[in-house]
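**Q** any chance you can model this:
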Amino acid sequence: MKKKSLGINALLNGLRSALNLIFPLITFPYVSRILSVEGIGIYNFSNTYVSYFILLAGLGVATYAVREGAKYRDDKEKISRFSSEVFSINIISTIIAYLLLIISLLLFKNLHNYVSTILIFSLQILFTTMGTEWIYTIYEDYSYITVRSIIFKLLSIVLLFILVRKPNDYIWYAGITVFASVGSNILNYIHARSFIKIRFVKSADIRKHLKPILIIFASTVAVTLYVSSDTTILGLLKNDYAVGIYSVAVKIYSLTNGLLGGLLVVTVPRLAMLLGKRRIKEYNMVLSQVINTITVLVLPTAVGLIMLSKEIVLIIAGAKYLNSIFSLQIIAIALVFSILSSIFDQCVLIPAKHENLVLRNTLITGVVNVLLNFILIPVMSYDGAALTTIIAEMMVMGLNLWSAKDIVGPIMFSKDNIKNIFSSLMGCLGIILICILCKLGIQSLIFCTIFSIILSVIIYGAILVLFNNEVMLSFLEKVKNKRG
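**A** The predicted structure is shown next:
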């Protein structure tokens, strides 16, 4: 099989992640002004509620399939058998998820006001399973799903401006969101069958996959406890208004996190393959590149979100969501811990088959986070939810770093990486200065934001070059070679 370029894969997946970022940036400012704060609250509560059942339907199939499937991808018979077995497990878990969702809607009366929106969002359960995106990840093939994603999101933007016109049109907004996120998945499934035989099987061999899948699933559940529980508990203890305010900060945080996290996704199958074949030297080299590159990107992103939080909220959501500024500033810090934690578990512990350690770490963090939510939300409302998020992300990052210290320790604490972090921090000081000066000198909200971003990128890059940052110098060298 032809070896795919990590750079091209990162570009394609980055494009898809950027599209996922741009889509809400285009739609949310419009929607937040059309819909009421309560309507946004209903939308977000329903979306969060269904996310638990999407989680159940997915189990740990995608993560497990990428890790194990990367070893079989050059053997069509083995990869077809393996894919059919894990797909069958996925189908069964999807049926169970739907049954539990229906039962919960019948049992809990306080969910009756959300039934319509919840049922619309529940379509994601089926289409996520049918999408089998893990097959494309195994083959490091991002071009097909990227093109399909672009087409469906463009169609969704058109539908949004046509159908969402009144304060109570959150039902239409929910349907369009589903169409945008998973509408192309049925096409992904059909296309996947053209190069791999995937079908439902009843073979007893599927049992051998259950234990690792369930361990990964348990880890994912624990992660969800500290990722989504804040919105759910906020809705239960406060009201739709509080959820609506907090949802703005969470959306901005999640979009940024997803964009940076998308750069990690493309490295996982390569790292799993290298580690599985005991090519340790190559593995360490790729891992070092990932850590250094992500560090250079995540630190200025977090600082930029903090410095421009007011401007970002005003542009994206409007003045009625200004109360979300402090929450955004708090969870912007969590972005650094979240991304580094993702490196330690997705790029190190999971490929090394240490999913049991990931489970332990996420369970501990999840329980602590839920307890903190019940303590802080009654006192601090949405700001308390944001504070628990940063505590949880910092905690799980520390635990994952400790668990992966034998592999990642020599890289994290190497002279080159410390130098890389120092130069990035110096660049962040430049960003802070630029943002302060732009706010003092430019009155226009839009122009202040644009100039702050552009000048921050320039000064940050210049400082990295001044300190001989390896990531920046390598990037400039590649640009120079392409031009030459």
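
**Q** what's downstream of the helix or strand hosting residue 19, the next helix or strand?
**A** Under the criterion of DSSP states H and E, residue 19 resides in helix 6-34. Using DSSP H and E, the next helix or strand after helix 6-34 towards the C-terminus is helix 37-58.

**Q** CA atoms only for that next one, dumped as CSV, please.
**A** C-alpha atoms of helix 37-58 as CSV (Å, rounded to 0.1, in the frame of the first residue of the first chain):
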residue,chain,number,x,y,z
VAL,A,37,-31.6,32.2,24.9
GLU,A,38,-34.0,29.6,26.2
GLY,A,39,-34.3,28.1,22.7
ILE,A,40,-30.5,27.8,22.5
GLY,A,41,-30.7,26.2,26.0
ILE,A,42,-33.2,23.6,24.8
TYR,A,43,-31.1,22.9,21.7
ASN,A,44,-27.9,22.4,23.7
PHE,A,45,-29.5,20.3,26.5
SER,A,46,-31.1,18.0,23.9
ASN,A,47,-27.8,17.7,22.0
THR,A,48,-25.9,16.9,25.2
TYR,A,49,-28.5,14.4,26.3
VAL,A,50,-28.4,12.5,23.0
SER,A,51,-24.5,12.5,23.1
TYR,A,52,-24.6,10.0,26.0
PHE,A,53,-26.5,7.5,23.8
ILE,A,54,-24.2,8.2,20.8
LEU,A,55,-21.4,7.4,23.2
LEU,A,56,-23.1,4.1,24.2
ALA,A,57,-23.7,3.2,20.5
GLY,A,58,-20.1,3.9,19.6
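
**Q** mind giving me the packing neighbours of it?
**A** helix 76-107, helix 115-121, helix 123-131, helix 170-182, helix 207-227, helix 229-237, helix 240-265 (3 or more Cβ pairs under 8 Å, 6 or more residues apart in numbering; DSSP states H and E). (C-beta placed from N, C-alpha, C; glycine too.)

**Q** let me see the mean pLDDT of the helix holding residue 19.
**A** Mean pLDDT, helix 6-34: 70.

**Q** quick one: contacts of stretch 164-178?
**A** 30-31, 34-36, 39-40, 42-43, 46-47, 116-117, 120-121, 123-124, 127, 156, 159-160, 163 (Cβ atoms under 8 Å, 6 or more residues apart in numbering).

**Q** which among those end up buried?
**A** Neighbour counting by 16 or more other Cβ atoms under 10 Å classes 31, 34-36, 39-40, 42-43, 46-47, 117, 120-121, 123-124, 127, 156, 160 among the contacts of stretch 164-178 as buried.

**Q** from residue 307, how far out is residue 449?
**A** Separation of residue 449 from residue 307 (Cβ to Cβ, to the nearest Å): 10 Å.

**Q** stretch 380-397: which residues count as buried?
**A** Residues 381-397 are the ones in stretch 380-397 that count as buried (16+ other Cβ under 10 Å).

**Q** please work out how many residues are found near residue 32.
**A** Counted with other Cβ atoms under 10 Å, residues neighbouring residue 32 total 22.

**Q** which ones are touching it?
**A** Residue 32 neighbours (Cβ under 8 Å, 6+ apart): 40, 248, 316, 317, 318, 320, 321.
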